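[1] here is a sequence together with a model predicted from it:
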Amino acid sequence: MSGPQVPPRTALSHLDEAGRPAMVDVSAKAVTERAATAECRVRFPAAVAAQLRQAGLRTGKGGIVETAVVAGTLAAKRTHELVPFCHALPLDGIRITVDWHGERELRIECAVRTTARTGVEMEALTGATVAALTVYDMSKALSHAIVLGPARLLGKRGGRRDFGQVR
């Protein structure tokens, strides 16, 4: 699953020699295919989950899944505007899926691809978490006891290290 083991870094990449925040200079890196997959979970109280299942994941605001997919896609495309040291990347593809995971939990997965000098982990995480925030926003009229998370990177390919699984 993962490539050759690379020792963990001992320094943070977003700090310059003086310890000040800085964007990483990727100009010397090769342009390669990069991919990342992340997920975020949304857990509902039992009665809310039952109500959402019965309504086909629709609320008075509209279709939850459709809206979450659009919001997550837009967020992934704008990650560099939200996270200060992310590079603006030409994204070749974004796929967001929203499926029930058990009786009370939605699992949101965001897979992102690019051909660039740096990876798309942050884009995948941003897409998944903003899609989860959108599910919360569309469902909060039913309950404020909805829990988001965990959000986590499932895998990445390209660059120095591969990790986990990419879909």
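    Thanks, I have it. If you're wondering where the values come from, they're calculated on a predicted model, not measured in any experiment. Numbers count the residues shown, from 1 in each chain.

[2] from now on I want contacts and neighbour counts done on CA atoms only, so please keep to that.
    Will do.

[3] nearest residue to the middle of the protein?
    The geometric centre of the chain, computed from its C-alpha atoms, lies nearest to Leu125 (Cα atoms, centre = their mean), at 2.2 Å.

[4] from Val135, how far out is that residue?
    Counting by Cα to Cα, to the nearest Å, the gap from Leu125 to Val135 is 15 Å.

[5] any weak-confidence spans in the chain?
    Low-confidence segments of the chain (pLDDT under 70): 1-12, 14.

[6] residues touching the longest helix seen in the chain, excluding its own?
    Taking DSSP state H as the criterion, the chain has its longest helix at helix 121-139. Residues outside helix 121-139 that contact it (Cα atoms under 8 Å, 6 or more residues apart in numbering) are 35-42, 59, 61-62, 64-65, 67-77, 79, 86, 96, 108-112, 146, 148, 151-153, 156.

[7] how about the helices of this structure, start to end?
    Ranges of helices in the chain, per DSSP H, are 46-54, 64-77, 79-82, 121-139.

[8] which one of these lies closest to Gly164?
    helix 121-139 (11.9 Å; Cα to Cα).

[9] on that earlier part again, narrow the contacts of helix 121-139 to just the buried residues.
    Burial by neighbour count, judged by 16 or more other Cα atoms under 10 Å, picks out 35-42, 64-65, 67-69, 71-77, 79, 86, 96, 108-112, 146, 148, 151-153, 156 from the contacts of helix 121-139.

[10] my guess is Asn33 contacts Val120. True?
    Rather than Asn, residue 33 is Glu. No. In this structure, Glu33 is not within contact of Val120 by Cα atoms under 8 Å, at 10.2 Å.

[11] show me which of the two is the more surrounded one.
    Ranked by neighbour count (other Cα atoms under 10 Å), Glu33 and Val120 place Val120 first, with 27 against 16.

[12] who does the closest residue in space to the more buried one that isn't next to it in sequence bridge with?
    Distances taken as Cα to Cα, 6 or more residues apart in numbering place Ala36 nearest to Val120, at 5.7 Å, with adjacent residues excluded. For Ala36, the beta-bridge partners are Val112, Lys156 (DSSP bridges).

[13] any idea how far Ala124 is from Ala36?
    6 Å.

[14] now do the shared contacts for the two.
    Common contacts of Ala36 and Ala124 (Cα under 8 Å, 6+ apart): Ala111, Val112, Leu153.

[15] dump the residues you listed into TSV; add distance to His101 as well.
    Listed next are the shared contacts of Ala36 and Ala124 as TSV, based on distance: Cα to Cα, whole Å:
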residue	distance to His101
Ala111	18
Val112	21
Leu153	17
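
[16] between the residues you listed, which sits nearest Asp92?
    Val112 (7.6 Å).
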